[in-house]
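**Student:** Please work out how this folds:
(one chain, ligands or ions: 1)
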Amino acid sequence: MKQHKNRDWLYQKYVNEKLHMWEIAKLINVSRTAIWVWIDKFKIERPKPLHENKEWLYLKYIKEKLSSIEIGNLSNACGETILKWMEFYDIPRRSFKEINSGKNAPNWGKKGKLSPRWGTRHSEETKKKISTMLKGKIKGRKQSGAHIEKRIKTRRENHQVSTNWPIREEHHNWKGGISKLPYSFEFNNKLKEQIKNRDNFLCQKCGIHEGILKRGLYIHHVDYDKQNCDPSNLLSLCVSCNFKVNYKREYWTEYFQDLIMEV
Ligand SMILES: [Zn+2]
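**Tutor:** You can find the predicted model right below:
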């Protein structure tokens, strides 16, 4: 029996030693899927980092007006991670203007003698520059519809020449337009949520968590048959993996079927 089917061993590695699922998998040479299945089975939970809590994140960023880096320091993560989680929870980011304008601007409220420009004058050259800038109105230049169309057309032509992109019927992945077939009616949001839940919101190929993805996880049909909505034929993939499995379809079908069998 492999160690991962032993609750104490798994608990030790995952909670006490804080290893990632893929690290544990590598340790005893089983698939990562097998690890998460058993962690789920034993209901082993790791305390979540502070920044994965929406209320806490909201409090720190919106109410206390801390920066993402300051929040990261509090919960032991980098600013980038904090921003990704904020995006996941739809917490609006402060704009650059908001951060550096008004009362936050370095020279806010410094008038008269306190102003850094006190007692200085613009040079003649600067005055001319400001004058032409205001007269020229170059900023608001509009392009005519015909001009835009022409630009798109040339861009398209150049693209075709440079990539030699095949027309669809010649492309090796062209299956006669079957991707236009409607998904079966069972393939609804509820089912998709169930599958994601089962997969612990992790991409089943690379292991990335939905929380840090810009777009959510996709539900992939293992045998590419969109009518087959049996849970054993469905798994969660991130955008980039979902794109990759469009190629070498037979290989990936076998790969994922093995993965599901292993569980
Ligand atoms: Zn992935």
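
**Student:** use CA for all of it now, contacts and neighbours both
**Tutor:** Noted.

**Student:** Give the burial count for the residue nearest to residue 199 when sequence neighbours are not counted, as a bare number.
**Tutor:** Computed as C-alpha to C-alpha, 6 or more residues apart in numbering, the closest residue to residue 199 that is not its neighbour in sequence is residue 236, at 6.6 Å. The number of residues packed around residue 236, counting by other C-alpha atoms under 10 Å, is 28.

**Student:** Going forward, count from 28.
**Tutor:** New numbering, starting at 28: the last item is residue 263.

**Student:** how far away is residue 263 from residue 219?
**Tutor:** Distance of residue 263 to residue 219, given as C-alpha to C-alpha, to the nearest Å: 9 Å.

**Student:** Would you mind grabbing the residues shared as contacts by these two?
**Tutor:** Among the neighbours of residue 263, those also in contact with residue 219 (C-alpha atoms under 8 Å, 6 or more residues apart in numbering) are residue 246.

**Student:** sorry, back to before: run through the bridge partners of the residue nearest to residue 226.
**Tutor:** residue 246 (DSSP bridges).

**Student:** mind listing what it touches?
**Tutor:** 222-223, 226, 228-231, 244-247.

**Student:** quick one: which of those is most hemmed in?
**Tutor:** residue 244 (26 neighbours).

**Student:** Skip the chain neighbours and tell me the closest residue to that residue.
**Tutor:** Nearest to residue 244 is residue 265, by C-alpha to C-alpha, 6+ apart, at 4.8 Å.

**Student:** my guess is the one you found contacts residue 228, does it?
**Tutor:** No - with contacts counted by C-alpha atoms under 8 Å, residue 265 stays clear of residue 228, the gap being 9.8 Å.

**Student:** Give the residues shared as contacts by those two.
**Tutor:** 237, 244.

**Student:** How is the protein partitioned into domains?
**Tutor:** Per automatic domain parsing, the domain ranges recorded for the chain read 30-68, 77-126, 208-289.

**Student:** Now the first one: buried residues?
**Tutor:** In other words, domain 30-68. 31-32, 37-38, 40-41, 48-49, 51-52, 58-66 (16 or more other C-alpha atoms under 10 Å).

**Student:** Which residue ranges of this protein form helices?
**Tutor:** 34-38, 48-55, 59-68, 81-85, 95-102, 106-115, 123-127, 151-163, 172-190, 216-225, 266-271, 276-289 (DSSP state H).

**Student:** Now do the second one, average pLDDT.
**Tutor:** This means helix 48-55. Throughout helix 48-55, pLDDT has a mean value of 87.

**Student:** What is it packed up against?
**Tutor:** The contact analysis (3 or more C-alpha pairs under 8 Å, 6 or more residues apart in numbering; DSSP states H and E) places helix 48-55 against helix 59-68.

**Student:** pull the CA atoms of stretch 41-57 into PDB?
**Tutor:** Listed next in PDB are the C-alpha coordinates belonging to stretch 41-57 (Å, rounded to 0.1, in the frame of the first residue of the first chain):
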ATOM      1  CA  TYR A  41       0.500  18.200   3.800                       C
ATOM      2  CA  VAL A  42      -0.300  20.100   7.000                       C
ATOM      3  CA  ASN A  43       2.800  19.900   9.200                       C
ATOM      4  CA  GLU A  44       5.500  19.900   6.500                       C
ATOM      5  CA  LYS A  45       3.400  22.300   4.300                       C
ATOM      6  CA  LEU A  46       4.300  20.400   1.100                       C
ATOM      7  CA  HIS A  47       2.400  21.000  -2.100                       C
ATOM      8  CA  MET A  48       0.300  18.200  -3.500                       C
ATOM      9  CA  TRP A  49       2.600  17.700  -6.400                       C
ATOM     10  CA  GLU A  50       5.600  17.500  -4.100                       C
ATOM     11  CA  ILE A  51       4.000  14.700  -2.100                       C
ATOM     12  CA  ALA A  52       3.100  13.000  -5.400                       C
ATOM     13  CA  LYS A  53       6.700  13.100  -6.600                       C
ATOM     14  CA  LEU A  54       7.900  11.800  -3.300                       C
ATOM     15  CA  ILE A  55       6.100   8.500  -3.600                       C
ATOM     16  CA  ASN A  56       5.800   8.400  -7.400                       C
ATOM     17  CA  VAL A  57       2.000   8.600  -7.800                       C
END
